[in-house]
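Peer 1: build me a model from this:
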Amino acid sequence: MSLMRDETLEAPQAVARCLANAGDIARIAARIRALDPPFVTVAARGSSSHAGTFLRVLLGRDLGLTAAAAMPSLASVYHRPQRLKGTLHIAISQSGRSPDLIATTEQARAAGAFTLAIVNNATSPLAALCDEVIDIAAGPERSVAATKTVLATLAAALALVRAWSDNPAPLDRLAPRLTKSADLDWSSLATTLAATQHIFTIGRGPALGIAKEAALKLAETCGIAGLAHSAAELAHGPMALAGQGFPILAFLQTDAALPHSEALLATLASRPTTVLAAGGHIPGALLLPTLPSHDPDEDLLCQLLPFYLAAEVASRARGLDPDHPRSLQKVTQTI
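Peer 2: Modelled structure (predicted):
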């Protein structure tokens, strides 16, 4: 039995439950639109922070809003109030119980920010603090390595931004496409992961959040040092590390970021470097199978699910237990 695998395969149902709350998400989005916040702060830790990166890029790209990552230590360690009057503060957490996120949200609300929680526990202390709550409704998750909650949170972020921007593009195909993505054969990635100690994970735009999540999961489950970078940042120096024994895993979406990423990765693939790419067309790279493109942002979620399955296989091939990573626990309560 594998909790990580089983819960990854439950993700399409979790996403469907989350998106069944589309009416409530639309109501929240309308309320925020009426408030017209000048900027947004997003507070999160771990996998939730990678969903936060995805959300922040969407807010900037689709709404022209500056969305910054909150620094919880300013509230929980340094006790320094921030100037947030009239802004939107979004706290993302699976458990809703991390003390630093609670402190940050308390401080934001006291400063006059409108607060929104995106959580998997609508009765949690974090949810109770906020003006509005989006319950991702993923259900209990027992594996330490979060999978279905991450995918449901990404879906909630996408639904929120689309409702806020009044984008009519529906998300009704997302859950069925996630189900299909579970059948994609990413065994070439699992084989590569079983034999490496280091890897670059690459994405640009919304894909950067996916790349960061992949790097964390590889550290958690496989003991692989994953370095996540924007494709643009990779070109500024880190690519000097790429080579034999330091492969590259790229998540690509069919939007304006694609041509630059393809060109950079093609250059790297022409060297003695293993490049594995989901999406795009890169000569010399190992192209991981993907579903036919439907929506650039949805496509990224349909790449993340087979990645989780490949990471689970690679973890066991390395003699590890992905359900119980060493020195980790399910709820991390940072201060």
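Peer 1: can you give me how far the helix or strand harbouring A228 is from the chain middle?
Peer 2: Element membership for A228 (DSSP states H and E) is strand 225-230. Counting by CA atoms, centre = their mean, to the nearest Å, strand 225-230 is centred 14 Å from the centre of its parent chain.
Peer 1: who does it pair up with?
Peer 2: strand 198-203 (parallel) (DSSP bridges).
Peer 1: can you name every helix or strand that the next helix-or-strand element following the partner strand contacts?
Peer 2: Using DSSP H and E, the helix or strand that follows strand 198-203 in sequence is helix 207-222. Contact here means 3 or more CB pairs under 8 Å, 6 or more residues apart in numbering; DSSP states H and E; on that basis helix 207-222 packs against helix 46-63, strand 198-203, strand 225-230, strand 248-251, helix 296-317. No exception for glycine: its C-beta is placed from N, CA and C like everyone else's.
Peer 1: let me have those in TSV, extended by mean pLDDT and mean neighbour count.
Peer 2: Output for these, formatted as TSV (pLDDT from 0 to 100; neighbours: other CB atoms under 10 Å):
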stretch	mean pLDDT	mean neighbour count
helix 46-63	97	22
strand 198-203	94	26
strand 225-230	92	20
strand 248-251	96	28
helix 296-317	98	24
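Peer 1: so can I have CSV of those showing distance to L265?
Peer 2: Below are the helices and strands packed on helix 207-222 laid out as CSV (distance: least, CB to CB, whole Å):
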stretch, distance to L265
helix 46-63, 20
strand 198-203, 7
strand 225-230, 12
strand 248-251, 6
helix 296-317, 15
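Peer 1: looking at those, which is nearest to C130?
Peer 2: When the helices and strands packed on helix 207-222 are compared by CB to CB, helix 46-63 sits nearest C130, at 14.6 Å.
Peer 1: what are the contacting residues of that closest one?
Peer 2: For helix 46-63, contacts defined as CB atoms under 8 Å, 6 or more residues apart in numbering pick out 40, 42-44, 65-69, 90, 92-94, 118, 146, 149-150, 153-154, 157-158, 160-162, 164-165, 167, 205-206, 208-210, 212-213, 216-217, 297, 300, 332.
Peer 1: and the nearest residue to P247 once chain neighbours are set aside, what is it in contact with?
Peer 2: Sequence neighbours aside, T274 is the residue nearest to P247 in space, at 3.8 Å (criterion: CB to CB, 6 or more residues apart in numbering). T274 is in contact with 192, 247-248, 286, counting by CB under 8 Å, 6+ apart.
Peer 1: W186 too?
Peer 2: W186 makes contact with 288-289, 306-307, 309-310, according to CB under 8 Å, 6+ apart.
Peer 1: the same query, at a cut-off of 6 Å, please.
Peer 2: The contact partners of W186, by CB atoms under 6 Å, 6 or more residues apart in numbering, come to 288, 306, 310.
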